[in-house]
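Peer 1: fold the following and give me the result.
(chains A and B)
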2 protein chains.
Amino acid sequence: MQGQRNASVPSCSLQSWTEWTCEESKFQTIFNMDSREFRRRGKEMVDYIADYLDGIEGRPVYPDVEPGYLRALIPTTAPQEPETYEDIIRDIEKIIMPGVTHWHSPYFFAYFPTASSYPAMLADMLCGAIGCIGFSWGSASEATLVALLAARTKMIRQLQAASPELTQAALMEKLVAYTSDQAHSSVERAGLIGGVKIKAIPSDGNYSMRAAALREALERDKAAGLIPFFVVVTLGTTSCCSFDNLLEVGPICNQEGVWLHIDAAYAGSAFICPEFRYLLNGVEFADSFNFNPHKWLLVNFDCSAMWVKKRTDLTEAFNMDPVYLRHSHQDSGLITDYRHWQIPLGRRFRSLKMWFVFRMYGVKGLQAYIRKHVKLSHEFESLVRQDPRFEICTEVILGLVCFRLKGSNQLNETLLQRINSAKKIHLVPCRLRDKFVLRFAVCSRTVESAHVQLAWEHIRDLASSVLRAEKE
Amino acid sequence: MQGQRNASVPSCSLQSWTEWTCEESKFQTIFNMDSREFRRRGKEMVDYIADYLDGIEGRPVYPDVEPGYLRALIPTTAPQEPETYEDIIRDIEKIIMPGVTHWHSPYFFAYFPTASSYPAMLADMLCGAIGCIGFSWGSASEATLVALLAARTKMIRQLQAASPELTQAALMEKLVAYTSDQAHSSVERAGLIGGVKIKAIPSDGNYSMRAAALREALERDKAAGLIPFFVVVTLGTTSCCSFDNLLEVGPICNQEGVWLHIDAAYAGSAFICPEFRYLLNGVEFADSFNFNPHKWLLVNFDCSAMWVKKRTDLTEAFNMDPVYLRHSHQDSGLITDYRHWQIPLGRRFRSLKMWFVFRMYGVKGLQAYIRKHVKLSHEFESLVRQDPRFEICTEVILGLVCFRLKGSNQLNETLLQRINSAKKIHLVPCRLRDKFVLRFAVCSRTVESAHVQLAWEHIRDLASSVLRAEKE
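Peer 2: Numbering: from 1, shown residues only, chains lettered A, B, ... in the order given. From the prediction side, this is the model:
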């Protein structure tokens, strides 16, 4: 068994092969979940899921365990003999659930929503059963990276066509990408991975990237011999849901021959409502666009949808064609090989859940859902505005409210720490310029006005206690 | 509604906000899948899945439609009003299933297996319901890229520590990665994305990368002023399941200070059996290792497991810490922030399905499963060997048999085309040196000796017909 690696299968494994003839029947008897058993357990799981979601309000939204708690509760190796399904299910509540942050609790107001809906879950069950390997979709981070890589390849090829003596490395040293100082960290990360400089453009008083600041950076860098090639515009920033000025920035990108990528990960879903469509004005200048239906369009994680103006810009950056992946249709123009559009080769059949959701909700149902969330954020905003101890930090446009106690950052950090350690609701903070700010994001599919009211009362009470303690 | 983007919310949307007060109740009435309905539909879906998998043998393994067939069958826009669940389910069989390649049919012998098991499906249902955003896992392609990027960062920092005047771009121009000429295309792609040279090392007569060829390339490149920084060793190549000689290549990498990544995407699962562990000898030289439990370890797609020797090598290449992702435990050393280990930020809670599978099968059940597949491939091999018209092209070590008709490539291409257009079984080819070769991969969870026998009889009959036609 410890034989050295050599050209032929060592005799020990041929011996084992004979031994394995009895393994087949052993496999059947060892493992006892056949389709009959799956029918039973699957239905129990459906009930468990419905019970879980029906009762999610009753669970503490944030776990009350310390990191590492799980280590002592699970064995260090897989069991030799199969365990019973009952044992596993018992452990779900005993050891897994205590460590879970319940992202779908109506008291979860942190980050941005992650979608959840019954149709998407049903489709995902089917997707798992079909289990085919599709080729599409990525996360927003991946979409940004893919766009940056395509833009890099395009610019390098253009420049090499004009000056064939220039090496890729010599050009890469000069390439510069730009994004707002409010952009998601994944943009900076894409630059790091792509091996190119990435510069943060100072945003204006509304945390929006504007023409003047971008143009200034472009001119300065061009004068220094650098080559601008890529701009990421964010519609709905993670920190405060601000919008870069696409109508100003778009034309500059087009004039300069610079790739324009739009990251609308969260806000993109809102554009199904006509009244928010104005936020998208200037989209015609974009070379690529990404939004995450898994955030705010009721399609369970993960599902990002990326659009690109000219598909060959992507495929030329990624195309590889080994024989085992060739097929009779690839040159017909009839099909789109998404494996050339992304980093991984394989992907799940995610479109199925989007299809279920679109059909079960209809556009009207989805619009009503977005509007309900926006209404709830405005409701929270007006509660905050009624309390003179607090301030609203940025304009509330969609489902995010940035607010804080008037006063020091320390005061607000203490408030947030009190909120999150009480574990009744869950929030995350952001930093806007030099201010520590609390983010109230309307997230859950089941969040209602009552939850928002209760959350506000809770925050207000903790604020009173924090302010009292400060005075003492 | 067509208002320009400006600093404040336009009045039209404030008006709409008032209008939306009636939207909330509308949302409840428009959409009618509550948890009660989910309990009913979920149980129907469980039965549909069990019926689908019970009856999968009866479906043609490969679809009998032309690319683009779906376009005419689905509307170009999402419906305004919700549709009924019955409509959607009816369309599954009517318009979706006809386009599906049934990867879990026991007549699917193409590519490599993609895992499917009832416990993993049950866990995935729960994973969808919990819907939390975890931070780990990637595909094998992504694992290779991530390892390459980490190796690139490490080497650049080392060199800059010694010679601070060297720019990243100047160094990147000199970096070279190496892999066997049999490696998966994703390795070349990782080089392309990472902006570094990648060179193919000629493999030996067994399609294995050996010391001599690698050393020759390293010496030649170093003499030319280049900087070797990364080697990918494949254990179980996609084309023919050959194994690079890790015991020879590993020490060279370590001596040269070059990062060694092992891609064992398919074969990695087999190492749970002691009799295959010899194929892993030399693993101690590796800096990173990846295998895909979603291929051969009964964990439904997607689930790749990557190991890295020194975690800071990865995190230093990817670490970004915006305020909204900071948390109180990040400096405690108690938890591992996998978001610093990969390209996307968010990931699904995939470990749940691995946990279900390990517990429900036990190591013994999983071993028996691997052994059953290996036994079936040897069974197919011996059937091929009994027919003097055919030849076995590479040693059969795990679940893949590379075979062909003795004769021209054209003859074998015709045979494959006949096999795949008959749609009884599904195979993909590969090219080994100048030869067109057929790959018979044991894939399905439910494949038995009888399916292999039938597949062989079918191939033999088509071969007879192809050979007859050639003589005429």
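
Peer 1: what residues does the stretch 351-472 of chain A have near chain B?
Peer 2: A:352, A:355-356, A:358-369, A:371-372, A:374-375, A:378, A:395, A:397, A:428-431, A:439, A:448-449 (C-beta under 8 Å from any C-beta of the partner chain). C-beta here means a position set from N, CA and C on the backbone, and glycine is covered the same way.

Peer 1: now, those that are in helices?
Peer 2: Using DSSP state H, the subset of these located in helices is A:352, A:355-356, A:358-369, A:371-372, A:374-375, A:378, A:449.

Peer 1: please, a PyMOL command that selects the buried ones among these?
Peer 2: Listed next is the PyMOL selection for buried residues among those, using 16 or more other C-beta atoms under 10 Å in any protein chain shown:
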select buried, chain A and resi 352+355+356+358+359+360+361+362+363+364+365+366+367+368+369+371+372+374+375+378
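
Peer 1: for chain A, which spans come out with low pLDDT?
Peer 2: A:1-32, A:112, A:114-116, A:127-138, A:318-348 (pLDDT under 70).

Peer 1: what are the boundaries of the strands in it?
Peer 2: With DSSP state E, the ranges of strands along chain A come out as A:175-180, A:197-201, A:227-234, A:259-263, A:288-291, A:305-308, A:390-392, A:400-405, A:428-432, A:435-441.

Peer 1: tell me the angle the second one makes with strand A:227-234.
Peer 2: Between the direction of strand A:197-201 and that of strand A:227-234, the angle (axes from the mean of the first three to the mean of the last three C-alpha atoms, to 10 degrees) works out to 50 degrees.

Peer 1: centre of the chain to strand A:197-201, how far?
Peer 2: Centroid separation for strand A:197-201 versus its chain: 22 Å, with C-alpha atoms, centre = their mean, to the nearest Å.

Peer 1: before we move on, back to that, out of the strands of chain A, which gets nearest to B:Ala317?
Peer 2: The closest of these to B:Ala317 is strand A:197-201. By C-beta to C-beta, the value is 15.2 Å.

Peer 1: that closest one - which strands sit beside it in the sheet, and in what orientation?
Peer 2: With DSSP bridges as the test, strand A:197-201 is paired with strand A:175-180 (parallel).

Peer 1: what does the partner strand rub up against?
Peer 2: A:148, A:151-152, A:155-156, A:187-188, A:190-191, A:194, A:196-201, A:203, A:207-209, A:214, A:217-218, A:221, A:226-234, A:237, A:244 (C-beta atoms under 8 Å, 6 or more residues apart in numbering or on different chains).

Peer 1: report the buried members of the residues you listed.
Peer 2: By 16+ other C-beta under 10 Å, the contacts of strand A:175-180 give A:148, A:151-152, A:155-156, A:187-188, A:190-191, A:194, A:196-199, A:201, A:203, A:207-209, A:214, A:217-218, A:221, A:226-234, A:237, A:244 as buried.

Peer 1: and the gap between the nearest residue to A:Lys424 once chain neighbours are set aside and B:Lys364?
Peer 2: Excluding the flanking residues, the one nearest A:Lys424 by C-beta to C-beta, 6 or more residues apart in numbering or on different chains is A:His458, at 5.5 Å. Noted for A:His458: a distance of 51 Å to B:Lys364, by C-beta to C-beta, to the nearest Å.

Peer 1: ok, how many other residues are close to A:Gly58?
Peer 2: For A:Gly58, the neighbour count with other C-beta atoms under 10 Å in any protein chain shown is 7.

Peer 1: any idea how far it lies from chain B?
Peer 2: For A:Gly58, the distance to chain B (C-beta to the nearest C-beta, to the nearest Å) stands at 14 Å.

Peer 1: what's the answer for A:Met33, then?
Peer 2: When distance is defined by C-beta to the nearest C-beta, A:Met33 is 5 Å away from chain B.

Peer 1: equivalent analysis for A:Ala123, please.
Peer 2: A:Ala123 is 9 Å from chain B, by C-beta to the nearest C-beta.
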